[in-house]
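Student: everything below, folded, please.
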Amino acid sequence: MVHHPEFVVLDEPMAGLDPDGRYYLSELIAETAQQGTSIFFSSHLLHDTQRLCQNLVILQNGLVKFEGPTQDMLKQVGHTSVIKYTENGELRTIELKDGEAVQKKIDELRGAKKNIVSITPHVTSLEEAFVSFALKKRDVL
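Tutor: You can find the predicted model right below:
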């Protein structure tokens, strides 16, 4: 990085590092990218990939399963919300896939005078998205 290259290739840069090393290397990668250097890295550590990459390519068996912004990949899988409420003294749970459905269900529960205990959003991780698309044989595009 001393010579400020325009393009850097890293192969599994986080593999085998302790937490301190992962933190410092993540910071170095992020700073280098902010300075205008394009960074390409391959990794099986999808948590790091999600945190560091603006764009990604997912390959399976030599085929491109996804190519584009990381956030687009996560949006395609979507997120869910879990609503917990009580009905006749019994705790019930419902999982909904989109924000509009969540709002409608909240309105319905409140209208029926149900006690809403919690609403917990679940944002999909890149690892969950990968499992959904690559391992479950679902096409992304």
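Student: what distance do you get for the residue nearest the centre of the chain to G62?
Tutor: The centroid of the chain falls nearest to S125 when counting by C-alpha atoms, centre = their mean (2.8 Å). Separation of S125 from G62 (C-beta to C-beta, to the nearest Å) stands at 25 Å. For glycine as for every other residue, the C-beta is placed from the backbone atoms N, C-alpha and C.
Student: name the nearest residue to the residue nearest to the centre of the chain, ignoring sequence neighbours.
Tutor: Using C-beta to C-beta, 6 or more residues apart in numbering and skipping the chain neighbours, the partner closest in space to S125 is Q50 (6.4 Å).
Student: stretch 111-128: end-to-end distance?
Tutor: End-to-end span of stretch 111-128 (C-alpha to C-alpha, to the nearest Å): 35 Å.
Student: only the buried residues of it, if you could.
Tutor: 114, 124, 126 (16 or more other C-beta atoms under 10 Å).
Student: what do you get for stretch 68-78?
Tutor: Across stretch 68-78, burial judged by 16+ other C-beta under 10 Å covers 70, 73-74, 76-77.
Student: swap in stretch 19-39?
Tutor: By neighbour count on 16+ other C-beta under 10 Å, the buried set for stretch 19-39 is 22, 25-26, 29, 32, 39.
Student: now do that stretch, average pLDDT.
Tutor: Per-region confidence: stretch 19-39 scores 93 on mean pLDDT.
Student: for it, C-alpha coordinates in PDB please.
Tutor: C-alpha atoms of stretch 19-39 as PDB (Å, rounded to 0.1, in the frame of the first residue of the first chain):
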ATOM      1  CA  PRO A  19      -9.600 -10.400  16.300                       C
ATOM      2  CA  ASP A  20      -7.000  -7.700  16.600                       C
ATOM      3  CA  GLY A  21      -5.500  -8.500  13.200                       C
ATOM      4  CA  ARG A  22      -9.000  -8.700  11.600                       C
ATOM      5  CA  TYR A  23      -9.900  -5.300  13.000                       C
ATOM      6  CA  TYR A  24      -6.700  -3.600  11.800                       C
ATOM      7  CA  LEU A  25      -6.800  -5.200   8.400                       C
ATOM      8  CA  SER A  26     -10.400  -4.300   8.000                       C
ATOM      9  CA  GLU A  27      -9.500  -0.700   8.800                       C
ATOM     10  CA  LEU A  28      -6.600  -0.700   6.400                       C
ATOM     11  CA  ILE A  29      -8.900  -2.100   3.600                       C
ATOM     12  CA  ALA A  30     -11.600   0.500   4.300                       C
ATOM     13  CA  GLU A  31      -9.100   3.400   4.400                       C
ATOM     14  CA  THR A  32      -7.400   2.200   1.200                       C
ATOM     15  CA  ALA A  33     -10.700   2.000  -0.600                       C
ATOM     16  CA  GLN A  34     -11.700   5.500   0.700                       C
ATOM     17  CA  GLN A  35      -8.500   6.800  -0.800                       C
ATOM     18  CA  GLY A  36      -9.700   5.700  -4.300                       C
ATOM     19  CA  THR A  37      -7.900   2.300  -4.600                       C
ATOM     20  CA  SER A  38     -10.100  -0.500  -6.100                       C
ATOM     21  CA  ILE A  39      -9.800  -3.600  -3.900                       C
END
